[in-house]
Structures are given as structure tokens and as C-alpha cells.
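Colleague: next come a sequence and a model predicted from it.
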Amino acid sequence: MSKKVYIETQGCQMNEYDSSRMADLLGESHGMVRTDNPEEADVLLMNTCSIREKAQEKVFSELGRWRKLKEKRPEVVIGVGGCVASQEGELIRKRASYVDMVFGPQTLHRLPKMLDEKQNNKISIVDISFPEIEKFDFLPEPKVEGFKAYVSIMEGCSKYCSFCVVPYTRGEEVSRPFDDVIAEIVHLASQGVREVTLLGQNVNGYRGHYHDGEVCTFAELLKHIADIDGIGRIRFTTSHPLEFNDDLIEAYTLLPKLVSHVHLPVQSGSDTILAAMKRNHTAEDYLQRIRKLKIARPDIHLSSDFIIGFPNETDQDFVDTMNLIAEVDYDHSYSFIYSKRPGTPASELPDNTSEEDKKERLALLKARIKQNTERKTRAMLGTTQRVLVEKVSDRDQDYMVGSAENTRQVLLPRNDALIGKFADVVIDQIMSINTVRGHEIVWME
């Protein structure tokens with residue numbers, strides 16, 4: 001009987017990608033299959049995220065539950081990976097001695113060897129080094145589930161925003177070679193994948209090398225991916241305003257396969273706060289890029305990240321953020337109250353803004369964005385949307401479920417021949433803030 005691995009994933013899409021590759025690795029090396037039930041697993045892996053406040057405490061709280069499983073079955077192997085592992089290292093073992101393996105985002109490819117060493121020598125292993133892009137040379141071809149796939153094209157970040165731990169937990173920016181990225185996407189397309197999402201902490205900073213040593217920019221990479229047979233839709237996340245350059249904006253004019261949705265984090269609309277965050281751009285710099293993008297792709301949908309209550313954020317700073325939101329007209333956002341991350345420059349800044357004010361500001365911002373989301377969903381009524389049809393609805397077997405370019409879930413009458421294909425769908429009913437329903441008018445490969 002195959003042994004089983006349970007993987008708990010916290011945080012971003014990069015972690016989702018890494019977790020899937022952990023499963024691929026252990027499937028190839030040890031014949032393990034993934035399970036959703038930790039109580040039946042032979043190996044328990046936690047892929048951690050250190051972005052939010054009290055991230056470490058969340059990790060140790062979950063490890064406390066896993067300890068009880070190990071007390072019942074001492075042979076169970078427990079591993080902690082991801083950014084908290086990279087940040088805490090040996091401290092995890094000191095605080096939770098029952099943890100067998102600690103590994104960083106850049107050393108997950110060594111999991112099979114770590115597992116063998118643990119089982120053979122009965123010793124615990126900590127490996128949180130930064131071997132740059134080495135891990136991709138040791139990962140097996142990704143398994144395909146469904147018609148969408150994530151593809152990591154780079155690791156780390158070199159921007160060193162004052163609030164962010166990523167450069168310290170994932171290292172500085174390193175891009176995968178061009179040929180490796182293309183080969184992975186060609187493989188995915190041959191297995192039926194129709195939509196790829198390119199991943200990186202600063203994906204538009206991609207600078208991978210061609211086989212002749214020349215550098216491939218992100219805009220050039222997008223053009224090559226658009227030429228791959230079978231790939232009908234391209235997304236990417238996340239990006240930085242500084243490198244959202246004219247070549248990338250032009251790609252929205254040249255490449256129909258590039259979806260009409262961009263996630264471009266700004267964090268704040270206040271120049272004072274942006275400077276304190278070390279974002280190295282102003283609100284106007286950001287808006288200039290957005291204006292150009294809207295000219296290149298008039299139907300573009302935009303989303304962003306916002307940190308509310310950054311140290312010494314004033315009422316006027318918040319008003320500046322709300323004004324920027326009004327001008328950009330975001331579709332949705334990921335918005336949080338600032339939390340100090342140990343080791344970052346911002347953690348040393350004095351803060352005289354009350355928690356009450358921070359919560360009130362966050363509520364106002366979220367309410368504004370929600371209004372935008374609802375309005376933009378209602379505006380889909382009567383329009384024709386290009387939908388990737390993915391499966392029969394779990395709730396109603398008479399309907400199919402797919403996704404529009406603007407991320408909305410779309411329901412349409414069942415036609416099994418459409419699964420894995422793109423369909424033009426006329427929207428005739430708004431179901432909820434993020435779900436619409438319509439009927440197919442034409443379909444194509």
C-alpha cells in the first residue's frame with residue numbers, strides 16, 4: 001500500500017505551487033500519494049508563510065495538534081517548510097523537538113533525501129540554505145489536475161520594502177532559464193492545460209537567460225508563451241510598479257491571450273507612506289502606469305494590495321489612499337492592517353495610530369472595494385465573456401462551471417463537449433458578487 005503525505009499550505013500562490021511540487025517529488029521518489037486527512041498520513045508537511053502577524057504562533061499551534069498524532073504513531077515524520085522555517089530555522093526544533101525536518105523554500109527539492117536520512121539515521125535535519133535556482137533542476141515534471149496550472153518563473157525579491165520579509169526568507173531575485181520555463185509550459189499544454197499563471201515575488205522583474213546567454217525580459221517571455229499551442233490564456237502574479245514598464249504595457253495591445261486582469265500592488269496612495277515603505281515610487285508614478293495600461297487594454301480589471309495603518313499613517317494619508325482607489329477603480333483587493341515583521345526596518349518605526357482608527361480605515365476601504373466588485377459584476381449582465389469551461393457543477397449537475405478573464409465564476413447549461421475548452425458565453429443572470437450565469441453561443445479550441 002502506498003504511503004501518504006499530508007501537506008498544509010499557508011499563504012500565497014507561490015506556496016500553493018511549492019506544495020504541489022513537494023507532492024510531485026515524494027510521489028516520484030517514494031511512491032507517496034497526497035491525502036486530505038492528517039490522521040492517515042505517514043508524512044506531515046507544513047508549508048508556512050511569514051507575511052501576517054503571529055505567523056510563528058500559528059505554526060506552533062498547528063504543530064501542537066500534530067504532536068498528538070505523533071504520540072499515537074511515533075513513526076510519523078513531521079516537516080516544516082516555507083518562509084517561517086527559513087526565518088526560524090533551528091529555533092523550530094528547539095521549541096518543538098518532535099519536528100523531524102525543517103527546510104526553506106529554496107531547499108524543498110531535497111525533501112526525498114532528507115526523508116531518507118531521517119528514516120535511516122533517526123536524526124532531525126535542518127536545511128534552510130539559499131542554493132539559488134537549484135531546486136528547479138531536481139523537480140519532476142508537474143502533474144496536471146484540471147485545465148489551469150501555476151508556473152514559477154523566478155524566486156525571491158530584491159526590492160527590500162521596509163515592511164517585507166520576503167528577501168530574508170526567499171532570498172534575492174533569481175530567474176529560471178528561459179528554456180526551462182518554456183519546456184514546463186509546453187509539457188503542461190500537452191497534458192491539457194489551457195491557462196497558466198506565472199508566479200514570482202516580483203514576476204515582471206524576470207530576467208531569465210536564453211540558451212545563448214542573452215537575457216529574456218518578462219514582456220519577451222509573455223510573447224513566447226503566447227505562441228505555445230494549446231495555451232489560450234496567460235495570467236501572472238505578483239508584480240511591482242517599478243518594473244511595470246512600457247514593454248509590458250504594450251504586451252496588452254499585442255497579446256490577446258494575456259487576460260484583461262492585472263494585480264499590481266501599490267500598498268498606499270500616500271507619497272509619505274510610500275517613502276517610509278521604501279517602495280521607491282510615488283502615487284503619481286503608479287497612476288501613470290495605470291493610465292497607459294487602460295489605453296492599451298480599455299476593458300482591463302485591476303486589483304491591488306493595501307497595507308492600512310502603516311506606522312504614523314495620518315488621516316490625510318488614508319484619504320490619499322482612498323482617492324487613489326477612486327481614480328483606479330479597482331475590482332478587488334487584498335487589504336490588511338499593518339503588522340510588524342521581525343527583522344524588517346519598519347518594525348523599528350514608532351507608531352502613534354490607534355488600533356481603533358486602523359480598523360475603521362480598513363473597514364471603509366473594504367466597503368469601497370466591495371462596492372466596486374458588485375458594480376463590475378452587475379455590469380457583466382448582457383455582455384459576452386470568454387470562459388474556460390472546467391467541470392460539471394458540484395451543486396447542480398445540469399450546469400457547467402468555468403471562469404471569465406476577470407476571475408468571475410460562470411455557470412452555463414451542461415454540455416460535456418465544452419470541458420477543457422473556451423466558450424463565448426452571454427451573461428443573463430447575476431448570481432452573487434463573484435458568480436454569474438449565462439448561455440453558450442459558440443465554442444472553440
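Modeller: Thanks, I have the structure now. Remember, it's a predicted structure, so these values are computed and weren't measured experimentally.
Colleague: going forward, measure contacts and count neighbours with C-alpha atoms only.
Modeller: Noted.
Colleague: buried ones in the strand or helix carrying residue 85?
Modeller: Element membership of residue 85, judged by DSSP states H and E, is helix 82-88. Burial within helix 82-88, assessed by neighbour count using 16 or more other Cα atoms under 10 Å, is assigned to 82-87.
Colleague: same check on stretch 327-342?
Modeller: Across stretch 327-342, burial judged by 16+ other Cα under 10 Å covers 328-333, 335-341.
Colleague: now the two most distant members of those residues.
Modeller: By the measure Cα to Cα, 329 and 341 form the most distant pair in the buried residues of stretch 327-342, at 30.0 Å.
Colleague: list the contacts of residue 359.
Modeller: By Cα atoms under 8 Å, 6 or more residues apart in numbering, residue 359 lies in contact with residue 337.
Colleague: ok so it is a helix residue?
Modeller: Yes. Judged by DSSP: H, G, I helix; E, B strand; the rest coil, residue 359 forms part of a helix.
Colleague: still on that earlier bit, what's the helix holding residue 85 packed up against?
Modeller: strand 43-48, strand 101-103, helix 166-169 (3 or more Cα pairs under 8 Å, 6 or more residues apart in numbering; DSSP states H and E).
Colleague: and the helices in the protein?
Modeller: 13-30, 55-72, 82-88, 90-95, 111-121, 166-169, 178-190, 218-226, 246-254, 271-276, 283-296, 315-328, 355-378 (DSSP state H).
Colleague: please tell me how far the second one is from the chain's geometric centre.
Modeller: Taking Cα atoms, centre = their mean, to the nearest Å, the mean C-alpha location of helix 55-72 is offset from the chain mean by 25 Å.
Colleague: next: the fifth one.
Modeller: How far helix 111-121 lies from its chain's middle: 29 Å, per Cα atoms, centre = their mean.
Colleague: using CSV, write out the CA atom coordinates for it.
Modeller: Provided in CSV are the C-alpha atoms of helix 111-121 (Å, rounded to 0.1, in the frame of the first residue of the first chain):
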residue,chain,number,x,y,z
LEU,A,111,12.9,16.5,0.7
PRO,A,112,13.4,12.9,-0.6
LYS,A,113,17.0,12.9,0.6
MET,A,114,16.0,14.5,4.0
LEU,A,115,13.3,11.9,4.4
ASP,A,116,15.7,9.0,3.7
GLU,A,117,18.3,10.4,6.1
LYS,A,118,15.7,10.8,8.8
GLN,A,119,14.3,7.3,8.4
ASN,A,120,17.8,5.7,8.2
ASN,A,121,19.7,7.7,10.8
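Colleague: show me what counts as buried in it.
Modeller: Quick answer for helix 111-121 (16+ other Cα under 10 Å): 111-112, 114-115, 118.
Colleague: low-scoring stretches of the stretch 51-200 of the chain, by residue?
Modeller: Low-confidence segments of the stretch 51-200 of the chain (pLDDT under 70): 51-55, 122-125, 127-140.
Colleague: go with 80
Modeller: 51-57, 87, 89-90, 106, 119-143, 169-170 (pLDDT under 80).
Colleague: how about the stretch 251-400 of the chain?
Modeller: Along the stretch 251-400 of the chain, segments meeting pLDDT under 80 span 342.
Colleague: tally of neighbours for the residue nearest to residue 171 when sequence neighbours are not counted?
Modeller: In space, and not counting its chain neighbours, residue 171 is closest to residue 156: 4.8 Å by Cα to Cα, 6 or more residues apart in numbering. Neighbour count for residue 156, taken as other Cα atoms under 10 Å: 23.
Colleague: which ones are touching residue 156?
Modeller: Here residue 156 is in contact with 166-167, 170-174, 200-202 (Cα under 8 Å, 6+ apart).
Colleague: closest one of these to residue 244?
Modeller: Residue 244 lies nearest to residue 202 out of these, by Cα to Cα, at 10.1 Å.
Colleague: quick one, phi psi at that closest one?
Modeller: As for residue 202, its main-chain torsions (degrees, to the nearest 10) stand at phi -140, psi 70.
Colleague: many thanks, have a good one.
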